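Trainee: Generate a structure from the sequence data that follows.
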Amino acid sequence: LNPAIEWFMGKHTRHITGVAAKSDVFIEEVLIHPALLAICDEVLLPACASYQLNIAHVLDRGPGSEQQLLHRDELVWCHLPRPHPEVQIACIV
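Mentor: Numbering: from 1, shown residues only. The predicted model follows:
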């Protein structure tokens, strides 16, 4: 990792990426859970025709890790003019 990402994520953080491709349980119990889909529909569908999973990963901060700074994942969409409708939902399970 580059130093900025390492600083943000933490030196002791372990990642498992592509969880949807690795776990049917994740798909069945989380990704297509009716409550999560209802929230996504309510928040995202007023401004779009459909939506998709962007990333699903497991983060294990590990012993000795600092707390991650409070932030909005939406900041990665810096190219969108403001104000704009919600374009992303992030959840921690």
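
Trainee: contacts, neighbours, all on C-alpha from now
Mentor: Noted.

Trainee: just checking, residue 90 touches residue 71?
Mentor: No: with contact defined as CA atoms under 8 Å, residue 90 does not count as touching residue 71 (11.3 Å).

Trainee: Is residue 15 part of a helix or strand, or is it coil?
Mentor: At residue 15 the chain is in strand, as set by DSSP: H, G, I helix; E, B strand; the rest coil.

Trainee: Skipping its backbone neighbours, what lies nearest it in space?
Mentor: Leaving aside its chain neighbours, residue 15 sits nearest to residue 59 (4.9 Å; criterion: CA to CA, 6 or more residues apart in numbering).

Trainee: re earlier: who has more neighbours, residue 90 and residue 71?
Mentor: residue 90 (12 against 7; other CA atoms under 10 Å).

Trainee: Could you report the pLDDT at the more buried one?
Mentor: As predicted, residue 90 sits at a pLDDT of 88.
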